[in-house]
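> just to be clear, the model below is a prediction. Sequence and coordinates:
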Amino acid sequence: MKQVEVTIMGQGYILGCPEGGENLLATAVAGVDREMSAIRDGGKVKARERIAVLAALNLAYQLAERGPQRASSAPAASNEVDLDALVDRIDAALGADGHLL
């Protein structure tokens, strides 16, 4: 796994990325940055951790709207484990800013 430095809402993060996954990661980072910046620029929410939670919920909703056509054939229980791992990774990325959940 390689380390990639990214910027989200002006804050730098170093993320683990599988070899060959740089383009997909860049696309994901751009989407998260766009979503978080839109929430911040809306002016109603200022705290970075609240912005992150709202952006995560917005992006998760967008994925759910797409329906099962992109879902894997893995059982739901394994998706819950993946979500827990994702929350842990976000917590690690937030570092001193606080935990997501």
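On my side now, so go ahead.
> going forward, measure contacts and count neighbours with C-alpha atoms only.
Fine.
> which residues touch Leu54?
Contact analysis of Leu54 by CA atoms under 8 Å, 6 or more residues apart in numbering lists 36, 39.
> distance of it from Gly20?
29 Å (CA to CA, to the nearest Å).
> which residue ranges form the strands in this structure?
2-8, 11-17 (DSSP state E).
> list the helices and strands the first one packs on?
With contacts defined as 3 or more CA pairs under 8 Å, 6 or more residues apart in numbering; DSSP states H and E, the secondary structure elements packing on strand 2-8 are strand 11-17, helix 22-41.
> got those as JSON lines, with mean pLDDT, distance to Tyr61 and mean neighbour count columns?
Below are the helices and strands packed on strand 2-8 laid out as JSON lines (pLDDT from 0 to 100; distance: least, CA to CA, whole Å; neighbours: other CA atoms under 10 Å):
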{"stretch": "strand 11-17", "mean pLDDT": "93", "distance to Tyr61": "24", "mean neighbour count": "13"}
{"stretch": "helix 22-41", "mean pLDDT": "93", "distance to Tyr61": "12", "mean neighbour count": "16"}
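> now those as JSON lines including distance to Leu59?
Formatted as JSON lines, the helices and strands packed on strand 2-8 follow (distance: least, CA to CA, whole Å):
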{"stretch": "strand 11-17", "distance to Leu59": "19"}
{"stretch": "helix 22-41", "distance to Leu59": "8"}
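> quick one: closest of these to Arg89.
strand 11-17 (8.8 Å; CA to CA).
> that closest one - contacts with which helices or strands?
Other elements packing on strand 11-17 under the criterion 3+ CA pairs under 8 Å, 6+ apart are strand 2-8, helix 76-94.
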